[in-house]
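> Sequence plus predicted model, see below.
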Amino acid sequence: MSGKDATGVGREAVTGERSTFTTIQERVAANDYARWLLSPGLGLLWVFLFLFAPLSIIVLFSFYTSGEYGAIVSEFTLANYERFLNSPTYQFVIAKSFAIGVLTTLIVLPLGYTLGYYLGRTETRWKPILLGLVVVQFWVPIIIRTYAWISVLGRQGLVNKLLLGLGVVNEPVQLLYTLPGMMVGLVVSLLPFMILPVYSSVSTIDDDIIQAAKTLGATDARAFREVTLPLSWPGIVSGILFTFIISAGAFIAPQLLGGPSERMVAPVIADVFLKDFNWPFAAALSLVYFLLIGVALYLFTRKADLEEALEGTSL
Amino acid sequence: MTYLEIDNLVKEFGDLTAVDDISFTVDEGEFVTVVGPSGCGKTTTLRMIAGLEEPTAGTIRIRGDDITALPAYERDIGVVFQDYALFPHKTVFENIAFGLKMRGESEARQEEAVEEMLRIINLEGYEDQYPHECSGGEQQRVAVARALAFDPDLVLMDEPLSNLDKKLRQSMRTELKRIQRETGVTTIYVTHNQTEALSMGDNIAVLNDGRLEQFGDPKAAYQDPDTPFVADFLGQSSQVSGTFRHNGSGPEVVSDTGTSISVTPKDDVTDGDDVEVFLRNELLSLADGETNGANVFEGEVRNVDYQGSDVNYFVSVPSLDATVMVSATAGMQQTTFSEGTPVDLAIDPADIIYTHP
């Protein structure tokens, strides 16, 4: 429908009958409360309240001195950052968490892409059910899903029973509380975050475009590389962002499935907050990791040429 | 010389026969239009020639080589899709060069070919534009250039003009014919538009319900259709059923209502045959006074449909038990008949189309 017509009708409507509003925009525009809610100033306020303010508090705390029994003394100090710079343990935890985030993403990417691609291109009548199976994961709390893996990976778990039954091994293999065990939990819980964005970008690719590539001489593999892959790039990029951000900050999988050597930064920071009551140092650790992730994502999105990738896809 | 040979092509989708035993041949450099109502199997036929659909039976040959089993990417056949199917993430240059790139041509060769194509389609300077920055007509021409740039054996076009508005469609029709003449590429052009099919094709294939009703010269198809479907589908006419016979003065068809319609003889119709008679709207003339000629039917104007350049009259003719539509050119001086006017309908026996039912 034409925008001009709609505005014309809307203006008449303000002076006349209320029921003749035609678009939701007009209804919203005519509603003072909705206008106030959606005003740019209020938007800024939201950002300030929910994003900037908590972050500022973290920044502020990280320069405070920690007193006895968890007291926060408002005295400026760089001691928290010095402690981090002089502590190989904390540096190692942060580096390791970052690396686990990268590793998880590298495993999730091909698996999630394959599944998302299949769901996006298939015409099977099972498609809604398959999609439902992906989405249903979100209904089950992550902590319960992770607990379920304990009974699968444990010494008496399904995997070990199978391996023993088949005679592959003679005694149970230690899977739980190891890096591979934790990776299984991370990968499985993050797969939907790759599958869904890839699915949504792949399913919008017009079949004719892929067939056009074939009539022009592209083999299936070449058509995929030249057409399908670039056109699903936005989905891949958002999948990578989701997977990396969530896995680099993972809390539950390292707690439940990882061993002592798989300690990741999120539980470590939580311990500093809640067990040591050292809020200033915990704030400093959070901030260092926040900046590390932020810089990495900035470099990645620049490299990923998101704008370039999106060029033309809005045909 | 036969260039493309379609032999007894069949395509079944489950219980549905989309293409039912179609055969025809195309000479090198020829422009063949394939026309029929939607669902007649024309697009399926095209997709089988392109290699995008596997035939249930039959063979496709180019220069005598059987290509039926070749995958699409091993056939040198350019396809222009109905929605153009341009690569949205590639520039006009990259789109047009794609076929050459897939064939491993050098960049210099690609540039040369794209430049040549852009000249032919009159889009010089569009190399770096993206498809969404081009208008519908421009996208259309880029799609044609992409299908032609790698010098294919054959170009297939699937209703390429159906997304354009009427004026643009008209000019693109001439444009496509010009491009085809300039490149000399053998072309098969699928459309559901009769005018397009008749005006563009060196030969026309009329499809109905998966079967080939007629193949050949467009003029012959229009003037001497093989089947009632072709007569009815190409052009607008009113249909009357009757029986062919000879009387003292020559051949005639006696309509089921008992009215005699003089016709010219046809080789394949003999006395006593049941036939379908088609009175083309534009070949009928109206008069309110004296008319002489072999076929004059009395009628009354029931409805007038003024269309600017033309006027369509719906005339009820009791002797044929039919309402006959007559198209006349609406000149400034000419009188137009108003509703309720008694008129005489005249048509030359040579202008009457009749076929076996």
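Right, received. Where do you want to start?

> Helix, strand, or coil at the closest residue to B:T270 other than its chain neighbours?
Closest residue to B:T270 apart from its sequence neighbours, by C-beta to C-beta, 6 or more residues apart in numbering or on different chains: B:F244 at 7.3 Å. For the C-beta atoms, the positions are set from N, CA and C on the backbone; glycine is no exception. Using DSSP: H, G, I helix; E, B strand; the rest coil, the three-state assignment for B:F244 comes out as strand.

> Quick check: which ranges of chain A have low pLDDT?
A:1-22, A:25, A:305-315 (pLDDT under 70).

> can you do 80?
A:1-41, A:43, A:69-70, A:304-315 (pLDDT under 80).

> which stretches of it form strands?
Secondary structure of chain A (DSSP state E): strands at A:65-66, A:72-73.

> Can I get the ones you listed in JSON lines including distance to chain B?
Compiled in JSON lines, these are given as follows (distance: least, C-beta to the nearest C-beta, whole Å):
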{"stretch": "strand A:65-66", "distance to chain B": "53"}
{"stretch": "strand A:72-73", "distance to chain B": "53"}
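
> With mean neighbour count as added columns, please give these in JSON lines.
Listed next are those as JSON lines, based on neighbours: other C-beta atoms under 10 Å in any protein chain shown:
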{"stretch": "strand A:65-66", "mean neighbour count": "19"}
{"stretch": "strand A:72-73", "mean neighbour count": "14"}
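
> now those as a markdown table including distance to A:L190?
Shown next, in a markdown table, are the strands of chain A (distance: least, C-beta to C-beta, whole Å):
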| stretch | distance to A:L190 |
| --- | --- |
| strand A:65-66 | 35 |
| strand A:72-73 | 35 |
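
> which residues does B:I6 bridge with?
B:F24, B:I60 (DSSP bridges).

> My guess is it contacts B:V32. True?
No: in terms of C-beta atoms under 8 Å, B:I6 does not count as a neighbour of B:V32; the distance is 10.2 Å.

> Give me the secondary structure label for B:K90.
When the rule is three-state DSSP, B:K90 gets the label coil.

> any idea how far B:C134 is from it?
Distance of B:K90 to B:C134, given as C-beta to C-beta, to the nearest Å: 12 Å.

> can you check A:I269 too?
Counting by C-beta to C-beta, the gap from A:I269 to B:C134 is 53 Å.

> B:M172 too?
On the measure of C-beta to C-beta, B:M172 and B:C134 end up 14 Å apart.

> Could you do A:L85 as well?
Separation of A:L85 from B:C134 (C-beta to C-beta) stands at 56 Å.

> Looking at the two, which is more packed in?
A direct count of neighbours by other C-beta atoms under 10 Å in any protein chain shown for A:L85 and B:C134 places B:C134 higher, at 18 against 12.

> Let me see the backbone angles for that one.
Backbone torsions of B:C134, given as degrees, to the nearest 10, read phi -100, psi 150.

> can you pull the pLDDT of it?
pLDDT recorded at B:C134 is 93.

> wait, what's in contact with the closest residue to it other than its chain neighbours?
Sequence neighbours aside, B:V142 is the residue nearest to B:C134 in space, at 6.5 Å (criterion: C-beta to C-beta, 6+ apart). Contacts here follow C-beta atoms under 8 Å, 6 or more residues apart in numbering or on different chains; on that basis B:V142 touches B:Y84, B:L86, B:V92, B:N95, B:I96, B:I121, B:L123, B:Y126, B:P131, B:C134.

> quick one: the fifth one and B:A143 touch, right?
Spelled out, that is B:I96. No: using C-beta under 8 Å, B:I96 is not in contact with B:A143; the gap is 9.4 Å.

> More neighbours: these two, which one.
B:I96 (31 against 26).

> contacting residues around that one?
B:A113, B:V114, B:M117, B:L118, B:V142, B:A145, B:R146, B:A149.

> and these, which are buried?
B:A113, B:V114, B:M117, B:L118, B:V142, B:A145, B:R146, B:A149 (16 or more other C-beta atoms under 10 Å in any protein chain shown).

> Looking at chain B, which helix is longest?
Longest helix in chain B by number of residues (criterion: DSSP state H): helix B:166-183.

> so what strands line up beside whichever helix or strand comes after it?
Counting by DSSP states H and E, the element after helix B:166-183 in chain order, helix or strand, is strand B:187-191. Here strand B:187-191 is paired, per DSSP bridges, with strand B:31-35 (parallel), strand B:154-158 (parallel).

> Helix B:166-183 and the first one, what's the angle between them?
With axes from the mean of the first three to the mean of the last three C-alpha atoms, to 10 degrees as the basis, strand B:31-35 and helix B:166-183 are set at 140 degrees to each other.

> Chain A contacts on chain B?
Residues of chain B lying close to chain A by C-beta under 8 Å from any C-beta of the partner chain are B:50-52, B:71-73, B:75-79, B:81-83, B:85-90, B:98-99, B:102-103, B:130-132, B:146-147, B:150.

> The same query, at a cut-off of 6 Å, please.
Near chain A, the residues belonging to chain B are B:50, B:52, B:72-73, B:79, B:81, B:85, B:88-89, B:98-99, B:102-103, B:130, B:132 when assessed by C-beta under 6 Å from any C-beta of the partner chain.

> and of those, the nearest to A:W149?
Proximity of the residues of chain B next to chain A to A:W149 (C-beta to C-beta) peaks at B:H89, which lies at 39.6 Å.
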